Every structure is written in structure tokens, then in C-alpha cells.
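**Q** Need a 3D model of the sequence below.
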Amino acid sequence: QVQLVESGGGLVQAGGSLRLSCAASGRTFISSTMGWFRQAPGKEREFVATISRSGDSTYYADSVKGRFTISRDNAKNTVYLQMNSLKPEDTAVYYCAAGRYPYLSTTDYRESNFASWGQGTQVTVSS
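**A** Residues are numbered from 1 along each chain as shown. Sure thing, here's the model as predicted:
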């Protein structure tokens, strides 16, 4: 399994930016589709974005499309989430996750398809 540690969360004003990082350990990182999910207070965890093993395919939730960018550096075993034009409704704990299957499609973002999860990092956007 892949061990994941998120960082980069914090408090930011609406309209601001943050970049989240997810450092992975384990040999299977480069063979895993990676995803970002988030959970707001009182709500279920939801999909944010996914990226393929090579990084050439990405997929986003409609709520973040055009504002967030997922990327990865396989040499550094790290996946990123650049978040721009942040809104108060983006406030949540953000989690990264590693896909369970080597060729998991970026559009198949069901949580059951992700085997490893980080502990999460808090993002708070003030109005």
C-alpha cells in the first residue's frame, strides 16, 4: 500500500490561493491514479479531482473546474492541488488518495476505488 501525507492547508481569504501537497511513500505510487477529495463540516466526503499515472489525464468536479489544478511529480512521489479563486464553500478537510487498481480511469472516482488515504489537511476560506 501507499502511505500518504498531505500538507499545505491553512486559512485564506476568499479569492486567494493555496497549494496542497501529498507526499507518498511506497513503490506503487507511480502506478497509481491519484485523487483529491474533501469533506466539509456536516457533509459527506466528495470528489474533487483525479490524475492518471502519467499525469496526462485529469478529471475535475464541476464545482472546482477552472479554479483547481491537479498535478503530480512522479520523481518526487508527490501529487499537488493548486487551488485558485477560493470561495468560502471550498472550506473543508482535503484528503488525497491512491487508486486501488493500476489502470483506474480518472473518471471512475468512487471512493471504493481508492485503497490508501491520507490524514487530511484543513482548508478554511474566509469571506
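**Q** hey, let's count contacts and neighbours off CA atoms from now on
**A** Noted.
**Q** Just want the most central residue of the chain.
**A** With distances taken as Cα atoms, centre = their mean, Trp36 lies nearest the centre of the chain, 2.0 Å away.
**Q** check which helix or strand covers it.
**A** Per DSSP states H and E, Trp36 falls inside strand 34-39.
**Q** Partner strands of the very next helix or strand once past that strand, with direction?
**A** Scanning forward in sequence from strand 34-39 by DSSP H and E, the next helix or strand is strand 46-51. Using DSSP bridges, strand 46-51 pairs in its sheet with strand 34-39 (antiparallel), strand 58-60 (antiparallel).
**Q** Buried deepest among those, which one?
**A** Sort those by mean neighbour count, taking mean count of other Cα atoms under 10 Å, and strand 34-39 sits at the top with a mean of 24.
**Q** Give me the residues contacting that one.
**A** 45-53, 79, 81, 92-99, 109 (Cα atoms under 8 Å, 6 or more residues apart in numbering).
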